[in-house]
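In: Pasting the sequence and the predicted model now:
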Amino acid sequence: MLTKLKGQQFDVMYVPGYYEELGLIIKQARDLGITAPIAGGDGYESPKLAELAGPALTDVYYTNHYSTEDKGEKVATFVEAYQKKYNKVPESFDALGYDTMQFVADAIKRAESPTGPAIKAAMESTKGFSGVTGTFDVDAATHNPIKEATIIGYKDGKIAVTEKFA
């Protein structure tokens, strides 16, 4: 597929997948002279992506739930505590798991009674929950969180851009 794209003109190459394959795809694309930005989703998140792609990991962007590079107090406190306990950098699933437990605890505190239906109602009515992965409201119709996305970008194999978008 990459050899078919070589020499073609396009604005961005969207490559969904996980870091194991992506590191090699990105390296091969750059080796073939494909210089267009490469974008994808949260499957890019892993320190192994940079190991696999090396400096070819340039002009590569992906959406994620949060970034360890975020300088906010909640993120910094979470990252420090996680690293101290587990001796590794927390990935987004670690942050999402932490936020999930905090979200459930918050709903239990706000529930009218300690019953399943009351806790469910409290979860459904959540507005302004502030966690490591951001602040969110729960959508009344779908019960999905409405929150910002974090864009992470690489240059020369290192994170160079971290921005949140609502």
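Out: Arrived safely.
In: Geometrically speaking, which residue is the centre of the protein?
Out: Centroid check for the chain by C-alpha atoms, centre = their mean gives residue 64 as the closest residue, at 2.0 Å.
In: Just list whatever residues bridge to that residue.
Out: Note on residue 64: beta-bridge partners residue 150, judged by DSSP bridges.
In: these two touch, right, it and residue 153?
Out: No. Taking C-beta atoms under 8 Å as the definition, residue 64 is not a contact partner of residue 153, at 10.9 Å. C-beta here means a position set from N, CA and C on the backbone, and glycine is covered the same way.
In: any chance you could map the strands in the protein?
Out: 13-14, 38-40, 60-64, 129-131, 134-138, 145-146, 149-155, 158-165 (DSSP state E).
In: quick one, what contacts the nearest residue to residue 155 once chain neighbours are set aside?
Out: Residue nearest to residue 155 in three dimensions, not counting chain neighbours: residue 58, with 5.1 Å by C-beta to C-beta, 6 or more residues apart in numbering. With contact set as C-beta atoms under 8 Å, 6 or more residues apart in numbering, residue 58 has these partners: 30, 154, 155, 156, 157.
In: Apply 7 Å and report the result again.
Out: 154, 155, 156 (C-beta atoms under 7 Å, 6 or more residues apart in numbering).
In: Tell me what angle the longest helix seen in the chain forms with strand 134-138.
Out: Criterion DSSP state H: the longest helix present in the chain is helix 92-110. Orientation check (axes from the mean of the first three to the mean of the last three C-alpha atoms, to 10 degrees): helix 92-110 against strand 134-138 gives 50 degrees.
In: From the contact counts, what lies against helix 92-110?
Out: Applying 3 or more C-beta pairs under 7 Å, 6 or more residues apart in numbering; DSSP states H and E, we find helix 92-110 packed against helix 73-86, helix 116-124, strand 129-131.
In: quick one: strands adjacent to the shortest one?
Out: On the basis of DSSP bridges, the sheet neighbours of strand 129-131 come out as strand 134-138 (antiparallel).
In: In the strand it pairs with, which residues are buried?
Out: Within strand 134-138, the residues scored as buried using 16 or more other C-beta atoms under 10 Å are 134, 136, 138.
In: what sits up against it?
Out: Strand 134-138 has contacts (C-beta under 7 Å, 6+ apart) with 66, 123, 124, 126, 127, 128, 129, 145, 146, 147, 148.
In: Filter those residues down to just the buried residues.
Out: Buried among those (16+ other C-beta under 10 Å): 66, 123, 126, 129, 145, 147.
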